[in-house]
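Could you work out the structure for the sequence below:
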Amino acid sequence: MEKRKFGNTDMEVSVLGFGASEIGYEGASQETVNQILNDALDAGMNVIDTAECYPNSEEMIGKAASNRRDDYFLFTKCGHPGGLGTEDYSRDSILASVQRSLKRLQTEQVDLVLLHSCSEDVLRKAEAIEALQEAKHRGYTRYIGYSGDSLAAKYAIQTNAFDAIETSISIADQEAIELTLPLAEAQNLGVIVKRPIANAAWKTGDKPLNPYHHVYWQRLLELDYPFLTAELTTSIGTALRFTNGLSGVHTMIVGTTKPGRWIENAALVSLGTLAPKEVDEIRQRWHSIASDNWVGQT
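The predicted structure follows:
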C-alpha cells in the first residue's frame, strides 16, 4: 500500500488507515477485531486511530495488536473521559486520560494524541494544549494534534502548537478543502481525514437509521452525484479516491466491523486518484449546491 510522509514527523503512513470507532460503538467481538486488524496489518495498513471515548475500542486494539506494536502507528484522542456527550479538557483530566489509554492499548507510548473536538474557546484558554505538550514531554506520546472541523480546526492550525490535524473531508463535506487544508499543508502538518466516504450514507438508498449519518444523507440527496447510482463498491471507490487525491491529505481512516472490508477498500484506493475532470465535476457540484451552513461535521 502506498505510504506518505506524515508532515514534519518521522512517520510514513499508509494512505488508508483503520478508524476504530465502529468496533466500539457497534460492539464488535474481540475475535472479529483480531481478524480485522491482523489482516489489515498484513496487507500494509500501518495507522490505527482510536479514542478513549470509543467503548472498549482501546482495550480490543491492545489485545489484538500490541504484540505487533512495531508494525503500526497508534493514534488516540482525549477530552471525553466519560464518553461522547461529556467533556473535560483540564490538564489533570487530559494527562490521566492519556495514561489510561496507554494501559488499555498495552503500550508505553503512542505516536499521536489528539484533542478530541474541543471548541475554539477551549483552545484559546491554552490549558488543553499545554497538557498535551506536557504529555509529550513526559514521553507518553511522540506527537500531538487536534481532531475537529471548521473554524476551530483553523484556529488550531494557527496556534502552531500541533504536529497533526484530523478533520472531516468527503464528497459530502468539503469545507476543509479551502478553509484548513491549505494552511495545514503550508505548515507541513500531518493530515488525517476522518469520515472520508461520508459514512456511505447513500448505501441502502434509504435514510440511515443512525442519526449520526443524517446530515450527510441530506446533503447527498441535494448534491445528487450521478456516480452514486453506480454499484455500491464503485461509488465507494469514487468517494475514497476523490478524498485521497486532495493535496495535503496523508491518510484516511475508515472503520468497519466486517472482516475483509478494510482490504476491499484498500483495493479501491489502489486504483489511483480520480481523473482531474472527475474531481472538478465533484467540486463544481459542491460549489453550486452547498449552503453556507454546510460546515465540517465532527
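
Residue 142 contacts residue 113, correct?
No - the pair residue 142 and residue 113 fails to qualify as a contact (C-beta atoms under 8 Å) at a distance of 9.2 Å. The way it works is simple: take the backbone N, C-alpha and C, and place the C-beta from them, glycine included.

So which of those two has more stuff around it?
residue 113 (30 against 17; other C-beta atoms under 10 Å).

can I assume that one is in contact with residue 131?
No - judged on C-beta under 8 Å, residue 113 makes no contact with residue 131 at a distance of 9.7 Å.

returning to what we had before: so what's in contact with residue 142 and residue 113 at the same time?
Contact criterion C-beta atoms under 8 Å, 6 or more residues apart in numbering; residues shared by residue 142 and residue 113: residue 136.

For the chain, which segments are assigned as strands?
Counting by DSSP state E, one finds strands in the chain at the ranges 3-5, 12-14, 16-19, 47-49, 73-78, 110-116, 141-147, 164-168, 190-194, 251-254.

Out of these, which gets nearest to residue 289?
Nearest of the strands of the chain to residue 289, taken as C-beta to C-beta: strand 164-168 at 18.0 Å.

what pLDDT does residue 82 get?
Residue 82 is assigned a predicted lDDT (pLDDT) of 76.

Around it, how many other residues sit close by?
11.

Report the central residue of the chain.
residue 194 (2.9 Å; C-alpha atoms, centre = their mean).

Let me see the contact set for that residue.
19, 49, 147, 166-168, 253.

thinking again about what came up before, could I get the strands of the chain in CSV, plus columns for distance to residue 273?
As requested, the strands of the chain are exported to CSV (distance: least, C-beta to C-beta, whole Å):
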stretch, distance to residue 273
strand 3-5, 12
strand 12-14, 15
strand 16-19, 13
strand 47-49, 19
strand 73-78, 23
strand 110-116, 25
strand 141-147, 24
strand 164-168, 19
strand 190-194, 14
strand 251-254, 12
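
Now render those strands as CSV, adding distance to residue 25 and mean pLDDT.
Shown next, in CSV, are the strands of the chain (distance: least, C-beta to C-beta, whole Å; pLDDT from 0 to 100):
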stretch, distance to residue 25, mean pLDDT
strand 3-5, 28, 98
strand 12-14, 23, 98
strand 16-19, 11, 98
strand 47-49, 14, 98
strand 73-78, 14, 98
strand 110-116, 15, 97
strand 141-147, 16, 98
strand 164-168, 17, 98
strand 190-194, 14, 98
strand 251-254, 15, 98
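
Among those strands, which comes closest to residue 280?
Judging the strands of the chain by C-beta to C-beta, what sits closest to residue 280 is strand 190-194, at 19.7 Å.

how far off strand 73-78 does the closest one point, in degrees?
Going by axes from the mean of the first three to the mean of the last three C-alpha atoms, to 10 degrees, strand 190-194 is angled at 70 degrees with respect to strand 73-78.

now strand 190-194 against strand 110-116, angle please.
Using the same axes, to 10 degrees: strand 190-194 against strand 110-116 is 60 degrees.

Just checking: what are the partner strands of strand 190-194?
strand 164-168 (parallel), strand 251-254 (parallel) (DSSP bridges).

Tell me which of those sits nearest to residue 181.
Nearest of the strands paired with strand 190-194 (C-beta to C-beta): strand 164-168, 8.1 Å.

contacting residues around the closest one?
The set of residues external to strand 164-168 that reach it, using C-beta under 8 Å, 6+ apart, is 6-7, 9, 49, 75, 112, 114, 143-149, 153, 156-157, 176, 180, 184, 189-195, 253, 296-298.

that older thread, partner residues bridging the residue nearest to the centre of the chain?
According to DSSP bridges, beta-bridge pairing links residue 194 with residue 168, residue 253.

For residue 26, grab the count of nearby residues.
Neighbours of residue 26 (other C-beta under 10 Å): 14.
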